[in-house]
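**Q** fold the following and give me the result.
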Amino acid sequence: MSIYAARRPTDALPPGEAELDALGTLHTRIVDIGAGFETMLDKAEPGFRPVVERFVALHRGQAAAVAELIGHGPDAAGGESLMATVNRTVVSLRSFFDEIDADTLGQIRSGEEHVFDAYDAAIAAATGARGQALARLRGELSALIEDTRRQG
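**A** Residues are numbered from 1 along each chain as shown. Below you'll find the model as predicted:
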């Protein structure tokens with residue numbers, strides 16, 4: 001079962017300052033990269049669209065899960081930074097000059113490295129069940145990335 005189907009972590013204590021900072025950074029990076037995938041969804045070639053849809057669903061679910069770990073609930077608004085605008089713009093420009101298809105996978109994997117870095121920092125700062133939940137979320141992203149390696 002996916003972590004974003006779970007309700008609340010079993011930790012009784014709210015996140016400490018360092019943990020909250022790391023979780024906030026992770027949430028922002030997930031939202032930012034998700035914004036690029038949202039734009040990509042409309043511009044992807046039909047054969048590549050299912051891959052983009054998987055990334056959109058994963059990032060939406062993971063943003064909600066991390067928001068809940070922070071204590072804001074799964075529907076927390078905000079968290080988007082200037083990078084989200086940059087991601088949308090880059091995708092739009094790329095689609096103007098090139099196709100959004102399987103050739104894009106290398107750049108997608110490279111972009112996800114920033115999310116992995118934020119996961120690693122959040123896991124290192126996390127306590128108890130939050131750390132375990134973050135490790136499961138990171139594993140889901142890693143599994144999707146590995147699955148896309150077989151596609152292109």
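**Q** now do the same end-to-end measure for stretch 42-56.
**A** Start-to-end span of stretch 42-56 (Cα to Cα, to the nearest Å) is 12 Å.
**Q** who does the longest helix along the chain touch, helix- and strand-wise?
**A** Ranked by residue count, the top helix of the chain under DSSP state H comes out as helix 17-43. Packing contacts for helix 17-43, counted by 3 or more Cβ pairs under 8 Å, 6 or more residues apart in numbering; DSSP states H and E, involve helix 49-70, helix 82-97, helix 105-125, helix 128-149. C-beta: built from backbone N, CA, C; applies to glycine.
**Q** confidence-wise, which of the ones you listed is weakest overall?
**A** Lowest mean pLDDT within the helices and strands packed on helix 17-43: helix 82-97, at a mean of 44.
**Q** possible to save the helices and strands packed on helix 17-43 as CSV with distance to residue 26 and mean neighbour count?
**A** Below are the helices and strands packed on helix 17-43 laid out as CSV (distance: least, Cβ to Cβ, whole Å; neighbours: other Cβ atoms under 10 Å):
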stretch, distance to residue 26, mean neighbour count
helix 49-70, 6, 20
helix 82-97, 13, 15
helix 105-125, 4, 17
helix 128-149, 8, 17
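**Q** residue 18 is nearest to which of those?
**A** Proximity to residue 18 (Cβ to Cβ) singles out helix 105-125 among the helices and strands packed on helix 17-43, at 4.9 Å.
**Q** relative to helix 17-43, how tilted is that closest one?
**A** 160 degrees (axes from the mean of the first three to the mean of the last three Cα atoms, to 10 degrees).
**Q** and the contacts of helix 105-125?
**A** Helix 105-125 has contacts (Cβ atoms under 8 Å, 6 or more residues apart in numbering) with 16, 18-19, 21-23, 25-26, 29-30, 33, 36, 51, 55, 66, 87, 131, 134-135, 137-138, 141-142, 145, 148-149, 151-152.
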